[in-house]
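[1] Sequence plus the predicted model coming up.
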Amino acid sequence: MKKYIAIILFVLLGQIAVAQTPYVLLVSFDGFRWDYANRGLTPNLDAIKKEGVSALSFKPSFPSITFPNHLSIITGMYPQNHGIISNYFKNCQNEIYSLSDTAAVRNPKWYQGEAFWETAKRNNIKTASYYWPGSELTDTNRRPDYFKAYNHTEPHQKKIDGVINWLTLPQSERPHFITLYFHDTDSQGHKFGTDSREIDSTIAVMDSLIGVLRKRIELIGMKDSVNLIILSDHGMTNVSEKRDIDLKSLLDGFDCEVNSAMSLTMIKPRFDKDLPRIYDRLKKSESHYKVYFREEMPEYYHFSQNPYIFPIILIPELGWSFYSYRAGDHKSNAEHGFDNNQIDMHGIFFAVGNKFKNGYKTGTLSNVDVYPLLCEIFGIFPRKNIDGDIERIKFILK
Ligand SMILES: [Zn+2]
């Protein structure tokens with residue numbers, strides 16, 4: 001008899017634990033610059049500002065590029081530590097990681113940090129992802145319980161339907177942490193620039209999706225239980241062929257490998273003896289960019305401690321770029337990947353739900369602090385080796 005009572009109690013307590021586990025929906029708008037929310041185009045973000053938490057800006061980690069920062073958000077680590085140092089790079093065996101190579105992005109060996117969904121899994125919390133860099137790993141222990149294979153042209157409505165379907169699964173199958181990703185502000189920003197009509201209409205469309213999402217969550221009766229976090233990975237700044245740093249001439253006569261995101265550029269000479277010579281030439285011509293040896297990168301970038309970072313690093317002045325070097329394959333009106341302390345590289349952070357303070361405005365938040373914030377919300381222990389710090393962000397919670 002005692003045994004049965006114990007079993008019934010165990011099941012009941014388990015159900016109470018599930019009922020008390022919070023829900024968090026984490027939405028990322030790629031390349032949504034901090035000030036896009038101040039253009040009078042975003043009534044739904046304005047509503048969250050009133051009801052929940054809003055930050056002046058959201059500082060990306062360096063480099064201010066999509067994959068490194070989505071991984072920083074989900075692991076709480078700087079790119080040099082979680083290993084995804086750019087959207088495209090090589091390891092010491094010359095194997096390539098590239099965001100467009102499905103086999104590479106699914107290969108667990110590149111990912112040195114623990115994503116929140118791994119931490120959640122160890123704590124018996126179900127998770128799901130309607131896209132997020134690093135969510136499709138072949139190792140089932142290292143990816144969300146539910147995930148979608150990335151499709152760049154997936155209709156917005158289908159993504160929202162997918163999230164609502166997950167939230168209406170039977171309790172035992174329902175994920176409590178869900179990510180959702182939209183590329184549109186990044187794509188349109190690159191193409192048309194940050195002051196274009198096209199980016200303004202994309203900002204308005206993204207904002208309307210927040211409205212739809214909140215309405216749909218209300219209709220399934222979960223308005224009071226779902227905590228919604230809306231953020232972006234980085235900002236954007238206009239570039240022009242008139243503000244071109246002629247990298248081809250600068251490297252003329254040298255045999256070296258160049259990894260250029262048009263903004264951040266890394267150089268590896270084929271012959272070690274060329275290293276000081278290339279550096280000297282770049283240093284002598286240093287105009288509208290900064291050149292560093294990897295080892296002498298200023299500490300605040302946290303970008304020197306990974307062997308995949310090439311030995312010479314160039315960071316252009318905001319708005320200047322290695323335009324002609326990349327022009328052939330990459331015509332662009334705006335870019336990111338610059339110094340992450342520049343406010344143009346900052347994104348947005350908004351949050352609303354029963355865990356967050358009401359009508360609370362704060363200054364700039366750092367993206368490595370989101371992982372410990374998620375752990376705090378779910379009441380679970382974060383990994384110890386992270387760069388994020390709960391003390392820098394916990395004040396936004398009730
Ligand atoms: Zn981009």
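    Perfect, thanks for sending it. Since the model is a prediction, treat every value here as computed from it, not as a measurement.
[2] all helices in the stretch 251-398 of the chain, in order from the N-terminus.
    Applying DSSP state H, counting those that start in this stretch to the stretch 251-398 of the chain gives helices spanning 274-284, 323-327, 370-378.
[3] pLDDT weak spots in the stretch 251-398 of the chain?
    In the prediction, the stretch 251-398 of the chain carries residues with pLDDT under 70 at positions 328-330.
[4] I meant to write the stretch 1-150 of the chain there.
    Within the stretch 1-150 of the chain, the ranges that satisfy pLDDT under 70 run 1-19.
[5] Show me where it has its helices.
    For the stretch 1-150 of the chain, applying DSSP H, counting those that start in this stretch gives helices covering 2-20, 43-51, 66-75, 79-82, 102-105, 116-122.
[6] Next, the residues that contact the last one from outside, please.
    This points to helix 116-122. By C-beta atoms under 8 Å, 6 or more residues apart in numbering, the residues outside helix 116-122 that reach it are 74-75, 126-127, 129, 135, 141-145, 176-177, 371, 374-375, 378, 380-383. In this view, the C-beta of every residue, glycine as well, is placed from N, C-alpha and C.
[7] Report the buried residues of stretch 386-395.
    Of the residues in stretch 386-395, those buried under the neighbour-count criterion (16 or more other C-beta atoms under 10 Å) are 386-388, 390, 393.
[8] do the same with stretch 331-342
    Applying a neighbour-count criterion of 16+ other C-beta under 10 Å, the buried positions in stretch 331-342 are 332-340.
[9] now it, how far from the centre of its chain.
    Per C-alpha atoms, centre = their mean, to the nearest Å, the displacement of stretch 331-342 from the mean C-alpha position of its chain is 15 Å.
[10] Could you double-check that residue 267 sits in contact with residue 275?
    No. The pair residue 267 and residue 275 does not pass the contact test of C-beta atoms under 8 Å, sitting 9.2 Å apart.
[11] quick one: which of the two has more around it?
    Neighbours were tallied for residue 267 and for residue 275 using other C-beta atoms under 10 Å; the higher tally belongs to residue 267 (24 against 16).
[12] which residues does the nearest residue to the more buried one once chain neighbours are set aside contact?
    For residue 267, the nearest residue in space outside its immediate sequence neighbours is residue 312; the separation is 4.1 Å by C-beta to C-beta, 6 or more residues apart in numbering. Contact analysis of residue 312 by C-beta under 8 Å, 6+ apart lists 266-269, 275, 278-279, 282, 291-294.
[13] rerun that using 7 Å as the cut-off
    Residues touching residue 312, when contacts are defined by C-beta atoms under 7 Å, 6 or more residues apart in numbering, comprise 266-267, 278-279, 291, 293.
[14] before we move on, back to that, for the buried residues of stretch 331-342, which two are the farthest from each other?
    333 and 340 (20.9 Å; C-beta to C-beta).
[15] mind checking the longest helix of this structure?
    In the chain, taking DSSP state H as the definition, the longest helix is helix 197-219.
[16] residues of that helix that come out buried?
    The neighbour-count criterion (16+ other C-beta under 10 Å) identifies 199-200, 202-204, 206-207, 209-210, 213-214, 217 as the buried residues of helix 197-219.
[17] out of those, who's nearest residue 24?
    In terms of C-beta to C-beta, no member of the buried residues of helix 197-219 lies closer to residue 24 than residue 217, at 12.1 Å.
[18] and the closest one, what is it in contact with?
    With C-beta under 7 Å, 6+ apart as the criterion, the residues that contact residue 217 are 223, 226.
[19] Could you measure from it over to residue 314?
    Using C-beta to C-beta, to the nearest Å, residue 217 is found at 45 Å from residue 314.
[20] Overlap of the contact sets of residue 267 and residue 275?
    With contacts defined as C-beta under 7 Å, 6+ apart, no residue is adjacent to both residue 267 and residue 275.
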